[in-house]
Structure formats: structure tokens, C-alpha cells
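Q: got a structure for you, letters missing:
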């Protein structure tokens with residue numbers, strides 16, 4: 001138990017175009033769609049969890065409009081809490097993060113108003129499963 005508390009791994013967020021780093025740990029793409037023009041080799045993705053992304057309807061409604069971000073946040077958190085597939089994927093990410101660093105990768109242009117930021121905060125608030 002001492003080792004577990006001595007080094008607490010964390011969940012971070014990076015843009016898919018940011019270069020991979022040894023500090024990334026497990027790199028998980030959390031977008032529903034694969035980023036256009038990006039090869040799997042260049043992305044250096046360990047897992048693609050497209051099912052944890054916002055539903056297509058919610059993503060379309062949000063449309064990356066910052067003025068809708070607060071409501072998007074609430075709606076996406078509701079999807080995360082209520083959908084069993086998303087809950088299972090969230091549990092897997094938390095289990096990984098208990099062992100090593102996890103990096104959530106996203107392709108949105110806005111580094112502040114995107115679902116990966118919401119997912120990171122939500123996962124960190126949950127603690128370990």
C-alpha cells in the first residue's frame with residue numbers, strides 16, 4: 001500500500017497533434033471519430049474508446065460553441081453517469097490510472113471547451129472504482 005500512496009498516477013489531457021511523451025503513459029483517444037488525415041502510427045494511440053465520447057446528438061447540438069459549454073458539460077456528465085458502456089470504460093480508465101499515467105487525447109480545436117476536459121475532471125472526481 002505504501003507504494004500506491006507514494007506515487008499517485010494521474011489523468012491528463014492532450015491534443016492528438018501534440019507529440020507523444022514518455023510522461024503520457026497510456027494514450028487513449030476519446031473522440032467518437034478518428035481525426036481526419038492522422039495515421040495510427042503518428043497518433044501513437046494505445047486505445048480508442050470512442051464509446052466514451054458524447055453521443056452524436058449531443059456533439060452536434062454543442063457544435064463547439066463556447067456559449068453552450070456549461071450546458072454541454074451537464075448533459076455530457078449525465079451521459080457518463082447514466083450509460084452503462086460509458087461507466088464501464090470510465091472504470092477501466094480509472095483502473096489504469098491507479099497503475100500509471102493516462103493521457104486522454106482529443107482532436108477538437110478549442111483546448112478549453114471540449115469533452116476531454118469534462119471527462120478528465122469527471123474521472124478525477126470519481127476517484128478509484
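A: Perfect, thanks for sending it. Source: prediction; values computed, not measured. Numbers count the residues shown, from 1 in each chain.
Q: Pull out the buried positions in the strand or helix carrying residue 60.
A: Element membership of residue 60, judged by DSSP states H and E, is helix 56-62. Within helix 56-62, the residues that count as buried by 16 or more other C-beta atoms under 10 Å are 58-59, 62. (Glycine included, C-beta is placed from N, CA and C.)
Q: Would you tell me what the next helix or strand after that helix is?
A: helix 69-82.
Q: Would you mind getting the angle between whichever helix or strand comes after that following helix and helix 69-82?
A: Counting by DSSP H and E, the next helix or strand C-terminal to helix 69-82 is helix 84-99. With axes from the mean of the first three to the mean of the last three C-alpha atoms, to 10 degrees as the basis, helix 84-99 and helix 69-82 are set at 90 degrees to each other.
Q: returning to what we had before: the helix holding residue 60 packs against which elements?
A: On a contact count with 3 or more C-beta pairs under 8 Å, 6 or more residues apart in numbering; DSSP states H and E, helix 56-62 meets helix 69-82.
Q: buried residues in the helix it packs on?
A: Neighbour counts using 16+ other C-beta under 10 Å place 69, 72-73, 75-76, 79-80 of helix 69-82 among the buried residues.
Q: ok, residues contacting it?
A: Applying C-beta atoms under 8 Å, 6 or more residues apart in numbering, the external contacts of helix 69-82 come out as 52, 54-55, 58, 61-62, 86-87, 90, 113, 115, 118-119, 122.
Q: which stretches of this protein have low pLDDT?
A: For the chain, the stretches with pLDDT under 70 are 1-9, 127-129.
Q: switch to 50 and redo it
A: By pLDDT under 50, the low-scoring segments of the chain are 1-7, 128-129.
Q: Pick out whichever of the contacts of helix 69-82 sits closest to residue 96.
A: residue 90 (10.8 Å; C-beta to C-beta).
Q: which residues touch that closest one?
A: Applying C-beta under 8 Å, 6+ apart, the residues contacting residue 90 are 52, 80, 122-123, 126.
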